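1. The sequence and its predicted three-dimensional model are supplied below.
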Amino acid sequence: MGAASYTVVGPVAVVALAEGGERYLYRGAVLDAAECATERLAHLLGIGLIAAAPVEPSGNSGEFDPATDGDGPKTPQEPPETPEEDTKAAKKK
């Protein structure tokens, strides 16, 4: 990946491009540092609108190996309320 990458963590970041002009990037967008004017990049980092993007190890497809991702087994969510509880809640309204 050569240059550093950043992820927009604020609602929107206005990025001044190194070649001129600007681009609006919204939360979750990834920015390549080589595309951004250096002073603007420092400003966006300083005010917390962008953060360093996580670095993928080489050879990783971007997916975690289920055996090593550390999450452990997934537990099912709580079952929905019983019909009796639904009826009691409706009567209170």
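-> Received it, and whenever you're ready, just let me know what you need.
2. Going by C-alpha atoms from here, please, whenever you check contacts or count neighbours.
-> Fine.
3. The protein: helices as residue ranges?
-> Ranges of helices in the chain, per DSSP state H, are 38-46, 83-92.
4. now the longest one: mean pLDDT?
-> So that's helix 83-92. The average pLDDT within helix 83-92 is 58.
5. cool, and the first one?
-> When pLDDT is averaged over helix 38-46, the result is 91.
6. by contact count, what packs against that helix?
-> Contact analysis of helix 38-46 by 3 or more CA pairs under 8 Å, 6 or more residues apart in numbering; DSSP states H and E lists strand 12-16 as its packing neighbours.
7. Sheet partners, orientation included, of the strand it packs on?
-> In the sheet, strand 12-16 lines up against strand 22-26 (antiparallel) (DSSP bridges).
8. for the chain, what are the low-confidence residue spans?
-> Residue ranges of the chain with pLDDT under 70: 1-2, 55-93.
9. Could you check how many residues crowd around residue 16?
-> Residue 16 has 18 neighbours, counted by other CA atoms under 10 Å.
10. What of the one 5 residues further on?
-> Close neighbours of residue 21, defined as other CA under 10 Å, add up to 9.
11. List the residues that contact the nearest residue to residue 4 once chain neighbours are set aside.
-> Closest residue to residue 4 in three dimensions, ignoring its sequence neighbours and counting by CA to CA, 6 or more residues apart in numbering: residue 33, at 5.4 Å. Counting by CA atoms under 8 Å, 6 or more residues apart in numbering, residue 33 touches 3, 4, 5, 6, 41.
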